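**Q** heads up, no residue letters with this:
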DNA sequence: TCTACTCTCGAACGGTGTTCCTGTCAACAC
DNA sequence: GTGTTGACAGGAACACCGTTCGAGAGTAGA
């Protein structure tokens, strides 16, 4: 008897082994070319998010792409939230974890965070779902495990390491979410016209009323940082602080 | 001629002066006890979010609380997003900014961040709206100005200070959002039953399969941290890293 | 062949943000 | 005092969302 989606999800949250019994298909596949499976749903969902953003990911949209009705999905997925967790799970599973190298623990942490960031940015807005997912399944826990190993190898105290992983994940999530929103606005949907270039932003800062002297003076610094400069800066600062804490 | 909501919002995004002309009311207020104004809408919205969470904040819910229909709101507010921005703006306006004290810049930054965190947590889930708001209006810019002044007084380099403010805001947002979600789950809505106590979580970590040695060994550290311990830790680490960068 | 079981999916429910359009009333000009 | 103007109020509707129900279809084992 293949498990219901509810059982499957409960199992996932119970942190059980990830061994999937492959559930030999019984019931009919109708006359459809490709049967509806959890994997097919997740694949389709990823494609939609990649092309149209997380906001376009709706049950109906997935069902339409699968050439069926929305209710057909609920035999494989208990919820929209369940689908979100599956997406985050697979996304985390794609991250390559390094073999801990005590001499290069900072670089290794930065690399993992950058991988995570790039995955989030590849699927714009999906980090919103990551906030709700938390430490729900084995895949996210695998990330924690990997980063913990790197930090411990680097000589960071266990408690510091554990909390630092939390902070780093949170920051990467937040950064990716904001970056996704900013990019979507840059794509310019009509009345979002007040989203402007850096030059324009600097000009506005310079024209600020009194009471904003610092902002006016350091408008250049505030608006600086293309690419992932801010990201690199923040990770550098956090790791510096962490290293200082470990070896006083 | 009083401005349309569109003009009002555009003005806000243009970072114009915050001087409100008070727009002497003309049109009818009907037989209603309290006329529908932007402030009334925002007040009502805050009450709803405080009592029922951000997810309960819908146009219809606000309208019902104001004893009217949803369409009546659109004469004062452009959008749901517009309402969100107004909420974030007022929330930021409540923050008390200190007079910069070079001897206590770390404490002052921590205080401002804690204020922001507590405001976010007072209105659960509202930090979701803060992500989309960005640096949109004068109120959020006032926060930037205040923190910038503190950091500069503390001897932090302008570029470091500007980026640090970005990182700190992002982290405070993310932390508050996650804390809100966690608390709402702790309130226990039926099938969220797998959200468990720390003891139960530690037990599950201990029962993890092979391949998770660090997580298993340091389950206590990972699940540690009640109250705002993690928050304090992260801010401490970031400010340490920042200080180290300023005085090498 | 018959039964049991799983998968499929049209239809519907209650909710959402938003728009259209009409009616109503206060303030001004004459 | 009267007419005009124009902002405000709000009912009804649209398109969409997540989700549920229940009937139908098809395969696997007895």
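**A** Structure received. Predicted model only: the values in this text are computed from it and were never measured.
**Q** Which pLDDT does the model give residue A:138?
**A** Looking at residue A:138, its pLDDT reads 85.
**Q** since we're on it, how many residues are nearby?
**A** Residue A:138 sits with 20 neighbouring residues when counted by other C-beta atoms under 10 Å in any protein chain shown. In short, each C-beta sits where N, CA and C put it, glycine included.
**Q** what kind of secondary structure is the residue of chain A most remote from its centre in?
**A** Going by C-alpha atoms, centre = their mean, the residue of chain A most distant from its centre is residue A:210, 39.9 Å out. Under DSSP: H, G, I helix; E, B strand; the rest coil, residue A:210 falls in the coil class.
**Q** where are the low-confidence patches of chain A?
**A** Within chain A, the stretches with pLDDT under 70 are A:1-3, A:5, A:15-33, A:187-196, A:247-248.
**Q** Quick one: list the elements packing against the lengthiest helix in it.
**A** Across chain A, the longest stretch assigned as helix under DSSP state H is helix A:158-186. If you count contacts as 3 or more C-beta pairs under 8 Å, 6 or more residues apart in numbering or on different chains; DSSP states H and E, helix A:158-186 packs onto helix A:105-122, helix A:127-133, helix A:138-153, helix A:229-246, helix B:127-133, helix B:158-186, helix B:219-223, helix B:229-246.
**Q** List the buried residues for the helix or strand that comes right after that helix?
**A** Per DSSP states H and E, the first helix or strand lying C-terminal to helix A:158-186 is helix A:198-206. Judged by neighbour count using 16 or more other C-beta atoms under 10 Å in any protein chain shown, the buried positions of helix A:198-206 are A:201, A:202, A:204, A:205.
**Q** Any figure for the gap between the first one and residue A:219?
**A** It stands for residue A:201. Distance, residue A:201 to residue A:219, using C-beta to C-beta, to the nearest Å: 8 Å.
**Q** In contact with the closest residue to residue A:178 other than its chain neighbours, which residues?
**A** Using C-beta to C-beta, 6 or more residues apart in numbering or on different chains and skipping residues adjacent in sequence, the residue nearest residue A:178 is residue B:131, 6.0 Å away. Going by C-beta atoms under 8 Å, 6 or more residues apart in numbering or on different chains, residue B:131 touches A:174, A:177, A:178, A:181, B:173, B:177.
**Q** And those, which of them are buried?
**A** For those, buried by 16+ other C-beta under 10 Å: A:174, A:177, A:178, A:181, B:173, B:177.
**Q** Enumerate every residue touching the residue lying closest to the first one once chain neighbours are set aside.
**A** Meaning residue A:174. Leaving out its chain neighbours, the residue that sits closest to residue A:174 by C-beta to C-beta, 6+ apart is residue B:174, at 3.8 Å. Contacts of residue B:174 were listed using C-beta under 8 Å, 6+ apart, and they are A:131, A:170, A:171, A:173, A:174, B:127.
**Q** how many neighbours does the last one have?
**A** Meaning residue B:127. Around residue B:127 there are 29 residues (other C-beta under 10 Å).
**Q** how much space between it and DNA strand D?
**A** 22 Å (C-beta to the nearest atom of the strand, to the nearest Å).
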